[in-house]
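# Got a sequence here, can you build the structure:
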Amino acid sequence: MKKGLYLVPAGKLKFGLLYCGGEKFKKLYSNSYANELISLISTDSDAMQIALSYVNREPLFEKRYSHIRAERIFTQNRQVATIVRSINSILGLLLDAELSKIVKPSPDDRRGYEEAIALQRKIYHDFGIAFQNAKVLTNIYAELPCTLEERPKRILEIDKQLLDHSYSKTYYINKKKQTEDNLSLTKCYVFDSAANYLNFLLLNLIQLNPNICLCQNCGELFVAKTKKKTLYCDRIQPDSNKKCSEIGPKNRVELQSTLFGFEDYDKAVERNYQRAKRTAEHYVKDIRLKWDDYFSWLERAQLAKKQWLNEEISDDDFLDIVHELD
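Below you'll find the model as predicted:
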């Protein structure tokens, strides 16, 4: 039984995950491809980079070879899997499964140690590239300024290598306990590489094209329940014990009220009101403005303000309406 993660598809969007340590299976959890990818890339990037850079930098390939030094480097490098596992258990299990394929050479085998350590460093490098690639591309996917239908095409233009399916391996495992009357099998994917697992999830995200949004309150990615743009997620914030969707709109209004747009809006309302008032009193100093024109503009400005808060119009469009009577 191969060591690694066994991903069993459960419909188009979800899957079940098992782990095999080489002797028996352990059921982990069920999830969707999009939520799994978001969960993995939402880990602490700085901590992950520190873990992946935890490689002994003293020269290995010098003329005076020491198998003690080489073995120490080999042992330190293996500790990276433990560090990564403390940051994210799934990525740590995958990295450990990949490193376990490397057999430690005999003490006097200098070339064997050089090859083993070079391979380990390649594993760390590929993992780091895949982690950053998945994180960056998923954020780009969520924030692309185009319709949801156009997103997969746009992101594949960014990285055409995602079309390569060679990293995934398909196996079949027993659906139930095998007997002479029950040989039912189910398809699954087996992963013993963190880089391959991240690429697999990213490719499925692009193919399935879910509506991933960036929460305007907590700044985290989430899968929206509808195909429309959603501003806030349903994560509960520990400081208020409320969902982002409950506290986000209020926080946004308070934040936006400090921006230049609201200041211009308030000044324009007061300025045009005074103009209409002076016009009605036949005291015209600057611009003549009738009450009907003022209320017509005010109605448009209030609507624009609401649309601006909901991000339906841009800052420039909002300000153009605010200043159109000037």
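
# what helices or strands is whichever strand or helix holds Leu40 leaning on?
Element membership for Leu40 (DSSP states H and E) is helix 33-41. Applying 3 or more CB pairs under 8 Å, 6 or more residues apart in numbering; DSSP states H and E, one finds that helix 33-41 contacts strand 14-20, helix 110-143, helix 194-208, strand 221-223. For the C-beta atoms, the positions are set from N, CA and C on the backbone; glycine is no exception.

# how much space between Lys101 and Asp315?
Distance check for Lys101 against Asp315: by CB to CB, to the nearest Å, it reads 54 Å.

# With Asn133 instead?
Here the distance between Asn133 and Asp315 works out to 32 Å (CB to CB).

# Looking at these two, which is more packed in?
Shown here are Asn133 and Asp315; by other CB atoms under 10 Å, Asn133 has more neighbours (19 against 12).

# what number of residues lie near Lys229?
As a burial measure, the neighbour count of Lys229 was computed by other CB under 10 Å and equals 12.

# what's near enough to touch it?
211, 213, 311 (CB atoms under 8 Å, 6 or more residues apart in numbering).

# so how far is Leu231 from the first one?
Here the distance between Asn211 and Leu231 works out to 12 Å (CB to CB).

# Ok, Asn31 next?
Computed as CB to CB, the Asn31 to Leu231 distance reads 24 Å.

# Which parts of this structure are helices?
Using DSSP state H, the helices assigned to the chain run over residues 33-41, 45-52, 67-87, 89-99, 110-143, 151-158, 194-208, 244-256, 260-280, 291-309, 315-322.

# now these in JSON lines, with mean pLDDT?
As requested, the helices of the chain are arranged in JSON lines below (pLDDT from 0 to 100):
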{"stretch": "helix 33-41", "mean pLDDT": "93"}
{"stretch": "helix 45-52", "mean pLDDT": "78"}
{"stretch": "helix 67-87", "mean pLDDT": "79"}
{"stretch": "helix 89-99", "mean pLDDT": "90"}
{"stretch": "helix 110-143", "mean pLDDT": "86"}
{"stretch": "helix 151-158", "mean pLDDT": "76"}
{"stretch": "helix 194-208", "mean pLDDT": "89"}
{"stretch": "helix 244-256", "mean pLDDT": "75"}
{"stretch": "helix 260-280", "mean pLDDT": "79"}
{"stretch": "helix 291-309", "mean pLDDT": "82"}
{"stretch": "helix 315-322", "mean pLDDT": "84"}
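
# want to throw these into TSV with distance to Val8?
Listed next are the helices of the chain as TSV, based on distance: least, CB to CB, whole Å:
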stretch	distance to Val8
helix 33-41	13
helix 45-52	27
helix 67-87	22
helix 89-99	15
helix 110-143	22
helix 151-158	25
helix 194-208	13
helix 244-256	32
helix 260-280	51
helix 291-309	44
helix 315-322	48
